[in-house]
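> pasted the sequence and its predicted model underneath.
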Amino acid sequence: MLEVQGLQKRFGGVTAVADGALTLREGELLSIIGPNGAGKTTLFNLISGLEPPDAGSVRFQGQDITGAVPEALAALGIARTFQHGRVFGNLSVLDNVLVGAHTRLRAVKPALPLLGPLLEMALAALRPPAVRAEEAALRRDAEQILARFGDRLLPRLHQPAFSLSYANRRRVEIARALALRPKLLLLDEPTAGMNQTETAEMQEVVADLKRSGLTILLIEHKLEMVMRLSDRVLVMDNGRRIAEGLPQQVRNNPAVIEAYLGHRHAGAEPVS
Amino acid sequence: MSALLELQGLNSFYGPVQVHFELSLEVRQGQIVCLLGGNASGKSTTMKSILGLQRPRSGSIRFDGADITGLPTPRIIRRGIGSVPEARRLFPAMTVRENLLMGAYARSDKPGIAADEARVLALFPRLAERLAQRAGTMSGGEQQMLAMARALMGRPKLICMDEPTMGLSPLFVDRVLELIQAINREGVTVFMVEQNASLALAIAHHGYVLQAGRIALQGAAGDLLQDHRIRDAYLGGAATG
Amino acid sequence: MSAWFDYTVNGFVIGNIYALLAVGLALIYGVANLVNFAHGSVYVVGAYIGWAAITHLGTPLPLTLLCVVVVCALVGVAIERIGLRALQGSSRIAPLLATIGIGLVLDQVVQLVWSPDPRAVPMQVPEWRIAIGGGTIGALDLLIAGIGCSSAAVLYGFLRFTKLGWAVRATAQDSDAAQQMGVDINRVNMAVFAIASVLSGISGLLVGMYYNQINPAMSFEATLKGIVALIIGGLGNVPGAIAGSLILGLTESYGIALFGTSYRNLFAFVLLVAMLLWRPNGLFAPRRAAAPEPMVGTFIARSLPVKLPRWVVPVVLLAAALLPLLNQPYLLQIGANSLMYAMLALSLTLVAGTVGQVSLGHAALLAIGGYASGLLALDAGWPVALAIPAAGLITAGLGTALVWPAFRLTGHYVSIATLGIGEIVSLVILNWTGLTRGAIGLGGIPPLELFGVDLGSVQGTYWLCLVVLVLLALLQLRLLSSHLGRTWRAIRDDSVAARSHGVGEDRYKALAFGYGGFAAGISGAITAHVYSYINHETFGASLSVLALTMVILGGMGNVLGAVLGATLLIALPEAFRALAEYRILIYGVVLLLLIRFRPQGLMGTV
């Protein structure tokens, strides 16, 4: 479904991604792990069109999407979250999720060149039944997506996102990405800054999404979560892939342990 | 040994979001102390609070016997704290030498600065070859060394390092760790924030593990290295199996 | 041949004057990431201090320069205190708005102290000229070139060899890291503002001598020219600013030679817009898109809109509708004025507040609307009732098309580009004599009427304005509550995240400018029919700043706030007639106080 080959990106004198390569099959969950600064987020940015790669190619469902702009990728069904959570601070929780559903607007966005935008404005002002129905349907859908997070967000539908806790903002971000009805979901550290209970909840949400057949590319630091959720794990260090395989294989790969945890495996089972 | 740096009951906020919950820790004179934790656990905010770049809502920070909570950054630096910021943060358009001398900005004893420049260059011979090169054109590992050398130029009592091994190749990681130990042997106390637990614990005397803004675990580095709970606290999160 | 030599000398001299301005702007942008819109005002202060010292105290040139240096350094320190240091931790746009406010205040103080009339600066330099080749060089030319070059040399030495100079460079490259080296950023900023202001003030004095005339209105043009030179060289690039200034000076000088004086500024602004489009990082930086400003959600102050009890708006509306029954023409006149401004504020609050594109050229939309309606009525013989809505549509289309190239810009760049585009509109109106009658202006524009019903009376105007405003406000509220509202605000809060969810920025910015152009065009059209005479200066840049003040006063993006802001700023000064002279000064002070103490405005940002 997604095929990345030989991606490269340099910033000044520093190579962020030296050789980004991965393949992702439909319905699969692939995790990317590696220490801070290994180039994981840069690889995400290259795939999702936020930065143009210096070399290499990205193919999605057989189509070359190297260097495509983010809005084009969204239209193809690729959604992402951001490492530190980029919600629209002044928008309500509900509006955040509805913006996520932007690519699904049909009735209000006639696909006509030039006239389309003008009609869109007119339809937004007049709101014929079709437009009202579409908006209501998206709203119901948004509430359903938010219900995935139990009562964490539902009671806060109309609160501005800037007033939410960090964990809730991360949830809003994921809900917003889901509202796009993505074929491929890129999650950048969805549990960063969360405590154990919150992490466990998030793990359930991601597991749920996976069960529903969604293809997911996940960057995550919490190894237990990675081991439980992933079909395959890709390990990066210094901008290149150093290992790839089933979670069990990767877990026992000494090169991985060294890169990720350091030379001596901290917290390993006590050697007796 | 007395505490050179002491954080007491820190509560920090980022906008409406609480980052630290009653955070307390201490760094003893002459030691290497590391603060470990995953992304968004509040490590960097701890560093910012110590350096005066972010003011905690409550709690106190004491350095060398004096309260430095809420002091402006330059005054904290002038009290004897050197900083090696995350991602190095060199002055890219200035030469290596200018960067080093910027490290001594808070000092005015010219002979002392010259002596320290010689001393620091002896510690980092690689930099001595490149004094006239622009800092931004060096490799990541060299930049990290320059950042450390720059901090030393201020002759600090305490040196604060934010993720010194981030993004470095294994070769340079080892070199940086050796240098941190060398710096420490010269009598400089080191406080480092690291994500790479075993690397940091291998050279540290004492370690703290931060999780979602709270100290989840602490102890002598040797004990922590053997403690399987570190894995849950630091990597696991929902470690149930 | 000799003429070309003179044009070159002239261009070089003007370039030196611009360089004195632009170097300061570059230094300030370097350390504070701020385009100082008060820079031209310091230039005017410098010119007037020099004039006052010479005429009142009879100072010789060195002493005159010393006076200018001291006063301008103090003004620079004050700007740093009020416009920058006091706003630490505020939203990103706050310091930019503050320098606009400070500029307004400085200009007004100069006007109040020395009157708006032009003054002649006595020549303090011998009047001999040397003949070289076919042209001549005078002592003043040499003095200006000498001051320009020696300033550059002193500045180079300062940045390269002094400790404070090092701190300035370090701060410009990475202010956080500089602080962690023990650099006191506030002191660096203060020093940089003082140095920049001194250079600007000297520049003002030299210009006064060169043209033998100064007036307070010079400030706006000086700011603009400095910014143009800055953009040519690249924001924050000091040597680039010098090169950019010389290029600008020579371009203008040769442009005058080829096409005549009235095209001079047109060249400068076309150059500005072209640079922003093709080389936003300046001539000397690699050709890349402007660095993104990675501020998320900090563009505007975070707040919740003020909730009014349900009855308030209908009651106020009813009171406003019944106002004509009081039979007080003067009151109605103020009311009608407020309503026309409120339409402009509605337009700007959408563009600057809701979508986050802080336009500093909004008055140009009024001008387009006014001219369109006036010309349709006068030349094409359209009835007023048709000409006004047609003018709204023309402004929507033309305005959007003009700003279109600037859509990919962000933050400061948008403000600078819209400012430049606004000036281009006004210069085109001045120069396109065939259509607009040029400097003569449009006279005899027919009064307001609606299919034969005469609305030229004060009551008629008032009622028409009220109805139009209510309709526009309702339409805007309707759009804001639709998917457009959330899409616009999403672009403002985080355009990267918005794009990642499929929001095409250009399309929605265009729709916002389209609606904004429509509302502003109608406002300009009605104004034209009420005034019956307009020219290229009727809708000047100060109107853009006034509109921005209204929008900030009411709360960015807030529809009711825009109406309230316009009403307060237009009506209140009328209530205190005695203060009429201080009106604009009061606007400036209000703007500064708001930014500092109530950044979300009276009704809250939306």
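Happy to help now that I have it.
> first-to-last residue distance for stretch B:98-109?
One end of stretch B:98-109 sits 17 Å from the other (Cα to Cα, to the nearest Å).
> got the confidence number for residue B:130?
pLDDT recorded at residue B:130 is 92.
> so what's the residue positioned nearest the centre of chain B up against?
Closest residue to the average C-alpha location of chain B: residue B:161 at 1.7 Å, with Cα atoms, centre = their mean. Contacts here follow Cβ atoms under 8 Å, 6 or more residues apart in numbering or on different chains; on that basis residue B:161 touches B:84, B:148, B:151, B:180, B:190-193. From N, CA and C alone the C-beta is placed, and that goes for glycine too.
> so how many other residues sit close to residue 211?
Picked chain A for this. 9 (other Cβ atoms under 10 Å in any protein chain shown).
> my question was about chain B, not that one.
Neighbour count of residue B:211, defined by other Cβ under 10 Å: 23.
> tell me what it is bridged to.
residue B:214 (DSSP bridges).
> thought it was touching residue A:195?
Yes - assessed by Cβ atoms under 8 Å, residue B:211 is found in contact with residue A:195 at 7.0 Å.
> and the contacts of residue B:161 as TSV, adding pLDDT?
Formatted as TSV, the contacts of residue B:161 follow (pLDDT from 0 to 100):
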residue	pLDDT
B:84	95
B:148	95
B:151	96
B:180	95
B:190	97
B:191	97
B:192	95
B:193	93
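> just the ones in helices from these, please.
Those of those mapping onto helices are B:148, B:151, B:180, per DSSP state H.
> ok, those residues vs residue B:108, which is closest?
residue B:151 (18.1 Å; Cβ to Cβ).
> which residue packs closest to residue 102, ignoring adjacent ones?
With no chain named, the answer covers chain A. Setting aside the residues directly before and after it, residue A:102 is nearest to residue C:502 in space (Cβ to Cβ, 6 or more residues apart in numbering or on different chains), at 4.8 Å.
> switch to chain C, that's the one I care about
That would be residue C:38: by Cβ to Cβ, 6+ apart, it lies 4.3 Å from residue C:102.
> let's verify the residue of chain B found nearest chain C: helix, strand, or coil?
Ranked by Cβ to the nearest Cβ, the top residue of chain B for proximity to chain C is residue B:106, at 3.1 Å. For residue B:106, the secondary structure call by DSSP: H, G, I helix; E, B strand; the rest coil comes out as coil.
> domain assignment for chain C?
Split into domains by automatic domain parsing, chain C comes to C:2-278, C:322-539.
> mind putting those domains into CSV with mean neighbour count?
Shown next, in CSV, are these (neighbours: other Cβ atoms under 10 Å in any protein chain shown):
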stretch, mean neighbour count
domain C:2-278, 21
domain C:322-539, 22
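> need those in JSON lines with mean pLDDT, can you?
Formatted as JSON lines, the domains of chain C follow (pLDDT from 0 to 100):
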{"stretch": "domain C:2-278", "mean pLDDT": "91"}
{"stretch": "domain C:322-539", "mean pLDDT": "93"}
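> so can I have a markdown table of those domains showing distance to residue C:308?
Output for the domains of chain C, formatted as a markdown table (distance: least, Cβ to Cβ, whole Å):
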| stretch | distance to residue C:308 |
| --- | --- |
| domain C:2-278 | 24 |
| domain C:322-539 | 13 |
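> for residue A:72, find the nearest of those domains.
domain C:322-539 (8.5 Å).
> how about the residues of chain B near chain C?
Contact residues (Cβ under 8 Å from any Cβ of the partner chain) of chain B with chain C: B:15, B:51, B:53, B:72-74, B:77-78, B:83, B:85, B:89-94, B:98, B:101-103, B:105-106, B:150, B:154.
> of the domains of chain C, which is nearest residue A:174?
Closest among those, once you apply Cβ to Cβ, is domain C:322-539, at 12.5 Å.
> name all residues that make contact with residue A:166.
Counted by Cβ under 8 Å, 6+ apart, residue A:166 has contacts A:85, A:193-194, B:14, B:17, B:40.
> give the contact list for the residue of the stretch 401-550 of chain C found nearest chain A.
Going by Cβ to the nearest Cβ, chain A is nearest to residue C:502 of the stretch 401-550 of chain C, at 3.3 Å. Applying Cβ under 8 Å, 6+ apart, we find residue C:502 in contact with A:71, A:74-75, A:102-103, A:180.
> do that again at 10 Å, thanks
A:70-79, A:99-105, A:180 (Cβ atoms under 10 Å, 6 or more residues apart in numbering or on different chains).
> go on, residue B:206?
B:25-28, B:31-35, B:218-224.
> swap in 8 Å and give it another go.
Applying Cβ under 8 Å, 6+ apart, the residues contacting residue B:206 are B:27-28, B:31-34, B:218-221.
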